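> coordinates only, sequence not included:
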């Protein structure tokens with residue numbers, strides 16, 4: 001017998017957060033989110049996204065045991081911007097059982113009908129800083145901190161329920177160069193001098209830099225990413241939350257922030273040290289041993305994740321990407337970084353794909369979102 005329950009109590013939320021830890025207990029590729037962040041997704045005091053979103057979380061039980069979970073997110077800001085009536089599904093995890101998956105999605109669709117929405121799509125998060133997309137290739141690879149891992153049967157579950165392909169991303173592993181490409185370094189230096197941009201990551205401590213430029217940098221990201229699939233701008237307390245998270249994991253050697261002649265943010269690139277191993281070991285819990293492992297992983301990394309690269313629209317296609325990446329890659333080589341992997345990049349975002357043409361790389365993962373009309 002299958003029963004679906006809306007999460008309303010602290011004990012139910014604990015089961016909701018713990019279920020993927022049980023489901024992926026013996027999977028070396030799954031990387032948990034930070035436990036406390038997930039536990040607080042329904043708490044307005046802890047989750048600033050709830051200003052723009054209405055969320056419901058559900059648990060599915062089969063024969064008395066938790067067999068699946070899902071979150072439904074009405075992203076009101078996105079619906080207003082796009083003129084659509086969409087409901088997002090997120091945090092979908094399930095045993096390989098179509099009936100369990102069907103029961104979870106039936107509960108989500110009922111919520112959508114209640115809110116007068118007509119389209120269900122996902123996995124999408126609260127915004128682009130949240131995990132999104134369902135893995136469709138690369139099941140033998142460990143996830144990055146910013147991405148979902150899921151078993152191969154997930155796609156069959158959702159397509160069997162009438163979902164169709166929506167957006168698609170690719171993820172790359174980059175070849176590690178032995179030395180800086182002199183041609184690229186020369187071009188980067190020329191562009192930097194010609195445009196008069198200043199590298200702020202070299203001019204002040206990271207904490208001071210984030211305090212001075214952090215809000216403007218993320219507002220610039222909003223402008224740069226505005227046309228990407230289902231993008232939701234970050235603002236207000238959400239920016240504050242993102243900056244707090246960034247401040248704890250950014251290593252300035254793999255970070256770039258350029259300002260123009262007027263002192264305005266022109267571009268930003270962020271590679272983060274991989275913190276996957278410490279989180280896997282702790283199940284996402286921030287214990288003292290975990291914090292010590294995180295400090296070591298951040299200060300002396302062996303692997304990096306390319307989190308974002310964004311250029312203000314008025315400076316796009318002027319070569320600022322090469323200015324940022326030239327400096328970061330020089331540090332990657334000097335620090336003997338063993339591996340760099342990108343986070344998801346939209347297949348439709350040809351501009352970001354083309355910027356890597358000068359670097360050796362290979363696609364190692366693909367992921368998609370799926371959509372369907374509610375009630376069909």
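In hand now; what should we look at? Bear in mind the structure is a predicted one, so any value in this text is a computation, not a measurement.
> the strands in the protein, which residues?
Remark: strands assigned in the chain by DSSP state E are 2-6, 53-62, 65-75, 86-94, 119-122, 134-137, 164-174, 198-199, 255-259, 265-273, 303-311, 339-342, 345-346, 361-373.
> Which one of these lies nearest to residue 25?
Shortest distance between residue 25 and the strands of the chain, using C-beta to C-beta, is found for strand 86-94: 12.4 Å. Placement of C-beta: from N, CA and C, glycine included.
> Mind giving me the packing neighbours of the lengthiest helix in the chain?
In the chain, with assignment by DSSP state H, the single longest helix is helix 206-224. Packing partners of helix 206-224 (3 or more C-beta pairs under 8 Å, 6 or more residues apart in numbering; DSSP states H and E): helix 236-249, strand 255-259, strand 265-273, strand 303-311.
> Enumerate the positions of stretch 264-275 that are buried.
For stretch 264-275, the neighbour count (16 or more other C-beta atoms under 10 Å) marks 265-275 as buried.
> Closest one of the residues you listed to residue 251?
residue 273 (5.5 Å).
> does that closest one have beta-bridge partners, and which?
residue 304 (DSSP bridges).
> Contact partners for it?
249, 251, 254, 297-299, 301, 303-305 (C-beta atoms under 8 Å, 6 or more residues apart in numbering).
> can you redo the residues you listed as JSON lines with pLDDT and distance to residue 203?
Shown next, in JSON lines, are the contacts of residue 273 (pLDDT from 0 to 100; distance: C-beta to C-beta, whole Å):
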{"residue": "249", "pLDDT": "87", "distance to residue 203": "21"}
{"residue": "251", "pLDDT": "92", "distance to residue 203": "16"}
{"residue": "254", "pLDDT": "95", "distance to residue 203": "16"}
{"residue": "297", "pLDDT": "92", "distance to residue 203": "26"}
{"residue": "298", "pLDDT": "92", "distance to residue 203": "21"}
{"residue": "299", "pLDDT": "90", "distance to residue 203": "21"}
{"residue": "301", "pLDDT": "95", "distance to residue 203": "23"}
{"residue": "303", "pLDDT": "95", "distance to residue 203": "27"}
{"residue": "304", "pLDDT": "96", "distance to residue 203": "22"}
{"residue": "305", "pLDDT": "95", "distance to residue 203": "25"}
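> Take those and write them to CSV, including neighbour count.
Compiled in CSV, these are given as follows (neighbours: other C-beta atoms under 10 Å):
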residue, neighbour count
249, 17
251, 19
254, 25
297, 21
298, 17
299, 9
301, 22
303, 18
304, 26
305, 24
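> In the residues you listed, find the pair that's most separated.
299 and 305 (15.8 Å).
> got the end-to-end distance for stretch 228-237?
Stretch 228-237 stretches 22 Å from its first residue to its last (C-alpha to C-alpha, to the nearest Å).
> In that stretch, which residues are buried?
Per 16+ other C-beta under 10 Å, stretch 228-237 contains these buried residues: 229-235.
> Kindly report the same for stretch 114-122.
Within stretch 114-122, the residues scored as buried using 16+ other C-beta under 10 Å are 115, 117, 119-122.
> Report the separation between residue 152 and residue 267.
38 Å (C-beta to C-beta, to the nearest Å).
> correct me, but residue 255 touches residue 271?
Yes - Residue 255 lies in contact with residue 271 (C-beta atoms under 8 Å); the separation is 7.1 Å.
> Give me the common contacts of the two.
Here residue 255 and residue 271 share the contacting residues residue 328, scored by C-beta under 8 Å, 6+ apart.
> domains for this protein, by residue range?
2-170+369-373, 182-359 (automatic domain parsing).
> Of all the ones you listed, which one is nearest residue 176?
Comparison of the domains of the chain against residue 176 by C-beta to C-beta identifies domain 182-359 as nearest, at 6.8 Å.
> For that closest one, measure first residue to last.
13 Å.
> for stretch 247-265, same thing?
Stretch 247-265 end-to-end distance (C-alpha to C-alpha) = 18 Å.
> Adding distance to residue 12, write the strands of the chain out as CSV.
Shown next, in CSV, are the strands of the chain (distance: least, C-beta to C-beta, whole Å):
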stretch, distance to residue 12
strand 2-6, 7
strand 53-62, 6
strand 65-75, 10
strand 86-94, 14
strand 119-122, 21
strand 134-137, 24
strand 164-174, 30
strand 198-199, 49
strand 255-259, 39
strand 265-273, 32
strand 303-311, 32
strand 339-342, 35
strand 345-346, 35
strand 361-373, 26
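> and of the ones you listed, who's closest to residue 32?
Here strand 86-94 is closest among these (C-beta to C-beta), at 11.3 Å.
> Per-residue pLDDT of residue 353, please?
What the model reports for residue 353 is a pLDDT of 68.
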